[in-house]
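> this one's structure only:
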């Protein structure tokens, strides 16, 4: 937030600054009013988000400053000098009472508000008694990470630990998780960290959790496809989801383990066999495809990353990943060559990282970032935030396929709605690519279903 140069000797003068930007499908208008009084300045920042499908207040904040010079305007003007001697109300770790018009849609994952950025620039911030009376702690949800000692699990656990919505973080793995938990527990964020090692402790790990994230499995190595991982990871996902069904049947389940196009159907079949399948609460995490699409488009078109949103549909492997570049927000024009180049790069981005790491791993950090973003969105939905949207591989009726990745609206009960609008008025390139991906995606889904059915038949005999 840019400071507004003014004369602090003025009394009861008011200034206003209006700005707007595009975030995904939403237009955010920022209203900053500044009241200058004889003993300091009061800033009131109010952000509104509006679009045909989204109309929510994303953040409002108030900051008051005393007259002691400590922070000056961006222009280094001597006309304005103050520091945070009184109080600053900030979204981090706090939730406004229903009667207070102070809310936040900002995220710890690259969506921080200007008010929060201002707070981070001030060395001394003291929250007033008035502010503390109007806020309660946000942290109220329990999250379990299964595979927390792995290459994705460790950075993912760190990012989840940073969320103000998490009260307890349960870390599970078959080995080496105790050290990860000890390390994370030193971070001074609200959530309590507990570790669980091996199958005998898995049930306790899962009891009472709201969200289960499953990154467990072997990573890709050079020359491997996601299908090469199938036999190993399919068994891992099956056993973990069985435990979730027995101990946390109402939890949101986020499947990261590849191949997602097959492991999500595996999870669904396991839950059906256990009699606890709720399609609204089972998600294949495809957020990384969206993150990559946004990044590559922003780079190609020299756009601000925060402004870019590209829906990605289909599946989560190779040609089943279909970025709908024609639906990019803000509206951008691409040549045929750019569409081809960007689509292929997004589809093969995982291989790009595997080859760059030369046998030392796969896309662990970007996957952790994307998964943490999806966890945060799920927690916001569980917390009652309205109109939370993410792309995910879910049970769907958008096509003839039983599972399909698209934008979904998240709510307290999981998937509130599958967004069909993105599939309307596709370009010729996108329409052909959609038809081309269906046979491969169908085969991957059927492979997952057949795996569970075969195991069930063997067990029955």
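Cool, the structure landed. Just so you know, these numbers come straight off a predicted model, no measurement behind them.

> mind listing the strands for the stretch 101-250 of the chain?
Using DSSP state E, counting those that start in this stretch, the strands of the stretch 101-250 of the chain run over residues 135-137, 141-146, 166-173, 192-197, 211-214.

> Can you add mean pLDDT, mean neighbour count and distance to residue 455 and give those back as TSV?
Backbone N, C-alpha and C define where each C-beta goes, glycine included. Putting the strands of the stretch 101-250 of the chain into TSV (pLDDT from 0 to 100; neighbours: other C-beta atoms under 10 Å; distance: least, C-beta to C-beta, whole Å) gives the following:
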stretch	mean pLDDT	mean neighbour count	distance to residue 455
strand 135-137	43	14	44
strand 141-146	99	27	19
strand 166-173	98	24	22
strand 192-197	99	19	25
strand 211-214	99	26	18
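
> And these: which comes nearest residue 400?
strand 211-214 (27.5 Å; C-beta to C-beta).

> That closest one pairs with which strands, and in what direction?
Within its sheet, and counting by DSSP bridges, strand 211-214 is paired with strand 141-146 (parallel), strand 252-255 (parallel).

> ok, then the element right after the last one?
The helix or strand immediately downstream of strand 252-255 is helix 260-274, counting by DSSP states H and E.

> just the strands in the stretch 251-400 of the chain please.
Under DSSP E, counting those that start in this stretch, the stretch 251-400 of the chain gives strands at 252-255, 282-284, 312-314, 321-323, 388-395.

> my guess is residue 251 meets residue 208, correct?
No - Residue 251 lies out of contact with residue 208 (C-beta atoms under 8 Å); the separation is 9.1 Å.

> Comparing those two, which residue is more hemmed in?
residue 251 (21 against 13; other C-beta atoms under 10 Å).

> Nearest spatial neighbour of that one, chain-adjacent residues omitted?
residue 212 (4.9 Å; C-beta to C-beta, 6 or more residues apart in numbering).

> cool, and residue 197?
Using C-beta to C-beta, 6+ apart, the closest residue to residue 197 is residue 177 (5.6 Å).

> Please report the distance of that neighbour from residue 198.
9 Å (C-beta to C-beta, to the nearest Å).

> between those two, which one's more packed in?
Each of residue 177 and residue 198 has its neighbours counted (other C-beta under 10 Å); residue 177 has more, 25 against 11.

> still on that earlier bit, let's have the strands of the stretch 251-400 of the chain in a markdown table, adding mean pLDDT.
Below are the strands of the stretch 251-400 of the chain laid out as a markdown table (pLDDT from 0 to 100):
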| stretch | mean pLDDT |
| --- | --- |
| strand 252-255 | 99 |
| strand 282-284 | 99 |
| strand 312-314 | 99 |
| strand 321-323 | 99 |
| strand 388-395 | 98 |
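
> Once you drop chain neighbours, what's closest to residue 180?
Nearest non-adjacent residue to residue 180 (C-beta to C-beta, 6+ apart): residue 149, at 5.3 Å.

> so where do the helices sit in the stretch 351-461 of the chain?
Assigned by DSSP state H, counting those that start in this stretch, the helices in the stretch 351-461 of the chain fall at 364-382, 428-460.

> between the last one and strand 388-395, how many degrees?
Using axes from the mean of the first three to the mean of the last three C-alpha atoms, to 10 degrees, the interaxial angle of helix 428-460 with respect to strand 388-395 works out to 60 degrees.

> returning to what we had before: now the strands of the stretch 251-400 of the chain as CSV including distance to residue 334 and mean neighbour count?
Formatted as CSV, the strands of the stretch 251-400 of the chain follow (distance: least, C-beta to C-beta, whole Å; neighbours: other C-beta atoms under 10 Å):
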stretch, distance to residue 334, mean neighbour count
strand 252-255, 31, 26
strand 282-284, 27, 28
strand 312-314, 15, 29
strand 321-323, 11, 26
strand 388-395, 19, 24
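
> between those strands, which gets nearest to residue 375?
Among the strands of the stretch 251-400 of the chain, if distance is taken as C-beta to C-beta, the winner is strand 252-255, at 6.7 Å.

> Pull out the buried positions in stretch 370-386.
Judged by neighbour count using 16 or more other C-beta atoms under 10 Å, the buried positions of stretch 370-386 are 370-382, 385.

> Which one of the strands of the stretch 251-400 of the chain lies nearest to residue 264?
The closest of the strands of the stretch 251-400 of the chain to residue 264 is strand 282-284. By C-beta to C-beta, the value is 4.0 Å.

> about what we covered before: what's near enough to touch the residue nearest to residue 180?
171, 173, 175-177, 180 (C-beta atoms under 8 Å, 6 or more residues apart in numbering).

> how about 6 Å then?
The neighbours of residue 149, taking C-beta atoms under 6 Å, 6 or more residues apart in numbering as the test, are 173, 176-177, 180.

> what's the burial count for residue 160?
29.

> mind listing what it touches?
Counting by C-beta under 6 Å, 6+ apart, residue 160 has contacts 143, 166, 169, 372, 375.

> Many thanks, have a good one.
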